[in-house]
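Peer 1: fold the following and give me the result.
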Amino acid sequence: MGLYGEGTNYAKSVDPSSTNILSPGVFGGKLRVMQDTFTPLAATAMKSGQYILVGGKLPTGSQVVSIILGYPAASGAAATVGYSSSFLVVGDEGDDNRYVTQIQISTAAVAVGPNNQTGINYVVTGTTDNYIRISTVDDVDADNQCVVSSGPVKISVLYVVE
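Peer 2: Below is the predicted model of the structure:
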């Protein structure tokens, strides 16, 4: 087999110079984890358009590597007959689904993201993206209101910082 090419960061690491210094966290950065849990109350269910702020403030310049989201089975949708699931997204103030796009939560499970191109190795700018939030969203045709009313929603945010 012959060499087809080299990744951008590979080439910079092989031939470092003052003009091609790698960004913090791209090569040899420190992996950090931020974890949080939130349990909606059945009496005050989390409904479409509402969100939960989780974790702490992400450092400006850090890169989000992975989002791990655990969610409960006891979720539902109201309005249309025959429709029985809710949807969650994970993002920030600047983009509500930057990391995890609409995932169906009809049964208890774990989702690992980013599953959205914009969230892969996203560099936090410090404007509207320092705080991670989990949101509920309507289904695709918007005829169901999503409801999350019981069980813990758990999240782990893995990010790299120098």
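Peer 1: what's the residue nearest to the spatial centre of the chain sitting at in phi/psi?
Peer 2: In the chain, the residue lying closest to the centroid (Cα atoms, centre = their mean) is residue 99, at 3.5 Å. Per-residue torsions, residue 99: phi -100, psi -40 (degrees, to the nearest 10).
Peer 1: could you find the closest non-adjacent residue to it?
Peer 2: Closest residue to residue 99 apart from its sequence neighbours, by Cβ to Cβ, 6 or more residues apart in numbering: residue 119 at 3.9 Å. Placement of C-beta: from N, CA and C, glycine included.
Peer 1: now the helices for this protein?
Peer 2: Per DSSP state H, the chain carries helices over the ranges 8-14.
Peer 1: where does it have low pLDDT?
Peer 2: Across the chain, residues meeting the criterion (pLDDT under 70) sit at 24-25, 42-48, 73-85, 138-150.
Peer 1: for the residue nearest to the centre of the chain, what are its contacts?
Peer 2: Contacts for residue 99 (Cβ atoms under 8 Å, 6 or more residues apart in numbering) come out as 64, 67, 90-91, 113-116, 119, 122, 132.
Peer 1: check residue 121 too.
Peer 2: Listed by Cβ under 8 Å, 6+ apart, the contact set of residue 121 reads 63-65.
Peer 1: what about residue 153, how many neighbours?
Peer 2: Using other Cβ atoms under 10 Å, the number of residues around residue 153 comes to 21.
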